[in-house]
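1. here's a sequence, model it:
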Amino acid sequence: MSRVTVIGAGFAALTAVRKLRAADPALGIDLIAPKPEFVYYPGTIWIPTGLRQPEDLVIPLTGFFERLGVTYHQASAESLRDAGRVVLTDQGEVANDGLIIACGGRFIRKLPGIEHSYLPCGGVEVAARIRNRLGALSGGSLAFGFAGNPKEPSAMRGGPVFEFLFGIDSWLRKQGKRDKFKLVFFTPAEKPGQRLGPKAVEGLMREMAKRDIDTHLGHKLKGFTADKVMTEGGEFAADMILFMPGMTGNQWFDNTELPRSEGGMLKANQYCQVEGWDKVYVAGDSGSFPGPEWMPKQAHMADLQAEAAVANLLDGFGGKAPGHTFKAELMCIVDTRSSGMFVARTAKRNIVMPSFVGFHWAKRLFEWNYLRRYR
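-> Below is the predicted model of the structure:
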């Protein structure tokens, strides 16, 4: 009986587990992750304003593992041996006949003073701290920004920052406190949201103008203090800073001979196979994949890559060469807490639908439907 090891417990990893088990009831599946839980990061945008509590978004996976016959290893990957056939962890070794690396990416937290900022995708604990800080303020300046990895165009996650920004603005208005706060959006890019497409950029800028949100665009960031954002184009006061830096690969990749992109991610081909490595695949934020520069780092894309990785790995067990590719597709709802703007982008089209209350409820319905498979 063949055994597959999956590293990670996020979107790509759990999709890989489901697809593996659906394809072969007898397949051995090992999963390595520090905790037996799934954190639904898209829902953290609602924690600061009370639509979600941290416990709503952390799903214990013990039952899911039992139902799908997964052997769970509570450990952290540290390296590989024997061309990927053995994963070395801080709790011992796990052998495999095939490997799927889906352990996410790592944020580049190198800017001076970055410890004074809150990382929007830092997990439910960080989102709760944002909620607590916001609740303690009676007024002031709130700064929301993101940056990328110059060496890895796709390693950027700006969408959630827009959602934190618009959601907090909506909440402050509902509380009757918006006039006591100045909201500032900042990024080194001159046109924020370009990955969503030109139409989306225009829509986002219109939304900011409508909400009286100031912008500080096109200036390289220099750093932060406890009450200030500093850029090469000037500085401005901030009583709370939310900042999403660019992403790179996990630290443990440095302990391996896995091929890396210039930006530090694992180099993958169009089949999600790690270049030059037999039966070693990558999906989600860990990988650098061929495709358009706008190809997103988001859950939907991770799921698509995981499906391709599983199909190719199973074909490999049967002696077939990889042949399954994934579709480069961006699909999201930029939520405002009470409405949302729908954005979709493929190689052929870019669809942007204006903010509509139904999209907010569609996002909440999607969350419920997605999570029930793991509860």
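
2. quick one: the spatially most central residue of the chain from residue 234, how far?
-> For the chain, the residue lying nearest the average C-alpha position, counting by Cα atoms, centre = their mean, turns out to be residue 298 (5.0 Å). Per Cβ to Cβ, to the nearest Å, residue 298 is found 32 Å from residue 234. Using the backbone N, CA and C atoms, a C-beta is placed for each residue, glycine as well.

3. cool, residue 351 as well?
-> 36 Å.

4. ok, these two, which is more surrounded?
-> Between residue 351 and residue 234, residue 351 has the larger neighbour count (other Cβ atoms under 10 Å), namely 13 against 10.

5. stretch 52-67: end-to-end distance?
-> 27 Å (Cα to Cα, to the nearest Å).

6. same check on stretch 116-123?
-> Calculated as Cα to Cα, the first-to-last residue distance of stretch 116-123 is 16 Å.

7. buried ones in that stretch?
-> Under the neighbour-count criterion of 16 or more other Cβ atoms under 10 Å, stretch 116-123 has 116, 117, 118, 119, 120, 121, 122 buried.

8. likewise for stretch 31-41?
-> 31, 32, 33, 36, 38, 39, 40, 41.

9. the third one reaches residue 14, doesn't it?
-> It stands for residue 33. No - if you go by Cβ atoms under 8 Å, residue 33 and residue 14 don't touch, sitting 9.9 Å apart.

10. show the average pLDDT along the longest helix along the chain.
-> Ranked by residue count, the top helix of the chain under DSSP state H comes out as helix 299-317. Average pLDDT, helix 299-317: 97.

11. and for stretch 65-80?
-> 98.

12. gap between the closest residue to residue 219 other than its chain neighbours and residue 209?
-> Of all residues not flanking residue 219 in the chain, residue 233 sits nearest, at 3.1 Å (Cβ to Cβ, 6 or more residues apart in numbering). Using Cβ to Cβ, residue 233 is found at 20 Å from residue 209.

13. more neighbours: which of these two?
-> residue 233 (15 against 11).

14. for the stretch 1-150 of the chain, what spans make up the helices?
-> Under the criterion DSSP state H, counting those that start in this stretch, the stretch 1-150 of the chain contains helices at 11-23, 62-68, 124-136.

15. out of the ones you listed, nearest to residue 259?
-> helix 11-23 (18.8 Å; Cβ to Cβ).

16. check the secondary structure at the nearest residue to residue 334 once chain neighbours are set aside for me.
-> Spatial nearest neighbour of residue 334, chain neighbours left out: residue 341 (4.5 Å); criterion: Cβ to Cβ, 6+ apart. Three-state assignment for residue 341 (DSSP: H, G, I helix; E, B strand; the rest coil): strand.

17. just the pLDDT for the residue nearest to residue 219.
-> 96.

18. repeat for the one 5 residues further on
-> Residue-level confidence at residue 238 comes out at 98, pLDDT.

19. what about the residue nearest to it when sequence neighbours are not counted, neighbour count?
-> Leaving aside its chain neighbours, residue 238 sits nearest to residue 143 (3.8 Å; criterion: Cβ to Cβ, 6+ apart). When neighbours are defined as other Cβ under 10 Å, residue 143 has 24 of them.

20. go ahead and confirm residue 143 touches residue 187.
-> No - the criterion here is Cβ under 8 Å, and residue 143 misses it with residue 187 at 10.9 Å.

21. list the contacts of the one helix or strand residue 363 maps to.
-> Taking DSSP states H and E as the criterion, residue 363 maps to helix 357-372. Contacting residues not belonging to helix 357-372 are listed as 40, 42-43, 59, 333, 335-342, 353 [Cβ atoms under 8 Å, 6 or more residues apart in numbering].

22. one more: stretch 22-33?
-> Residues from elsewhere that reach stretch 22-33, judged by Cβ under 8 Å, 6+ apart: 1-9, 13, 17, 20-21, 65, 68-77, 87, 89, 94, 96, 103, 310, 314.

23. what about that stretch, start to end distance?
-> 21 Å.

24. buried sites along it?
-> Buried residues in stretch 22-33 (16+ other Cβ under 10 Å): 24, 27, 28, 29, 30, 31, 32, 33.

25. can you check stretch 352-372 too?
-> Of the residues in stretch 352-372, 352, 355, 359, 360, 363, 364, 367, 370 count as buried by neighbour count, 16+ other Cβ under 10 Å.

26. distance from the chain centre to it, please.
-> With Cα atoms, centre = their mean, to the nearest Å as the basis, stretch 352-372 stands 18 Å off its chain's centre.

27. could you do stretch 293-304 as well?
-> Using Cα atoms, centre = their mean, the offset of stretch 293-304 from its chain centre is 9 Å.

28. the chain should start at 28 in everything you say after this.
-> Got it, first residue is 28 now, which makes that one stretch 320-331.

29. what's that stretch in contact with?
-> Stretch 320-331 has contacts (Cβ under 8 Å, 6+ apart) with 37-39, 42, 68-69, 129, 132, 180-184, 186, 221-224, 274, 310-312, 316, 353-359, 372.

30. show me those residues that map onto helices.
-> 38, 39, 42, 186.

31. pull the most distant pair out of the residues you listed.
-> Greatest spacing in the ones in helices among the contacts of stretch 320-331, by Cβ to Cβ: 42 and 186 (19.6 Å).

32. looking at the two, which is more packed in?
-> Set residue 42 next to residue 186 and count neighbours by other Cβ under 10 Å: residue 186 wins out with 28 against 24.

33. sorry, back to before: among the buried residues of stretch 58-68, which one lies nearest to residue 346?
-> residue 58 (25.8 Å).
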